[in-house]
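Undergrad: No sequence on hand, only this structure:
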């Protein structure tokens, strides 16, 4: 069968075509820069959430699109951290510009109440004030590497 969804074409591009040196297929309907991402965020916020989460390999969107209690997506770590048995990852997506401290607090609450190890906040623009936000979740450790339990990524 043939699947023409943009996310399926993206998978074919990067899993099948790119490794063999073939030209990638053009994908219509997904953002190609910050302006088109902002447009999608305004016009179709749930599709924006799905697209933003799809940018991180291994994460999936929450099928529940409203009243999701701050859980827009989730995933599971492949390996168990050294300092906890928790492997869950919860994702919160915040479109639009400006500070997302409230989204950070909602995400942190979701990580704690759902017994996950890590939260990822995806925002439209970089969150320059995040260093001042209080993180109540211990870091995640793998051998000599330590990772902040609350990660910030931006479309920017």
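TA: Received, thanks. These numbers were taken from a predicted model, which means no experiment stands behind them.

Undergrad: Every contact and neighbour count from this point should use C-alpha atoms.
TA: Will do.

Undergrad: What lies in contact with the worst-scoring helix or strand of the chain on mean pLDDT?
TA: Every helix and strand in the chain was compared by mean pLDDT, DSSP states H and E; the lowest is helix 6-12, with a mean of 77. Helix 6-12 is contacted by residues 3, 25, 27, 28, 29, 30, 51, 54 when judged by Cα atoms under 8 Å, 6 or more residues apart in numbering.

Undergrad: and the gap between the residue most central in space within the chain and residue 84?
TA: Among the residues of the chain, residue 53 comes closest to the average C-alpha position under Cα atoms, centre = their mean, at 3.9 Å. From residue 53 across to residue 84, the span is 25 Å (Cα to Cα, to the nearest Å).

Undergrad: just residue 130 next, same as before
TA: In this view, residue 130 and residue 84 are 24 Å apart by Cα to Cα.

Undergrad: Surely the residue nearest to the centre of the chain forms part of a helix?
TA: Yes. With DSSP: H, G, I helix; E, B strand; the rest coil as the criterion, residue 53 is part of a helix.

Undergrad: Quick check, it in contact with residue 61.
TA: Yes. Contact criterion Cα atoms under 8 Å: residue 53 and residue 61 qualify, at 6.4 Å.

Undergrad: which neighbours do those two share?
TA: Contacts common to residue 53 and residue 61, judged by Cα under 8 Å, 6+ apart, are residue 73.

Undergrad: Can you give the distance from stretch 111-123 to the centre of its chain?
TA: Computed by Cα atoms, centre = their mean, to the nearest Å, the chain-centroid distance of stretch 111-123 equals 11 Å.

Undergrad: who's in contact with it?
TA: Residues outside stretch 111-123 that contact it (Cα under 8 Å, 6+ apart): 52-53, 84, 86-96, 100, 103-104, 107-108, 137, 140, 149-155.

Undergrad: Type out the ChimeraX command that picks the buried ones from those residues.
TA: To isolate the buried subset of the contacts of stretch 111-123 in ChimeraX, counting by 16 or more other Cα atoms under 10 Å, use the following:
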select :52,53,86,87,88,89,90,91,92,93,94,95,100,103,104,107,108,137,140,149,150,152,153,154
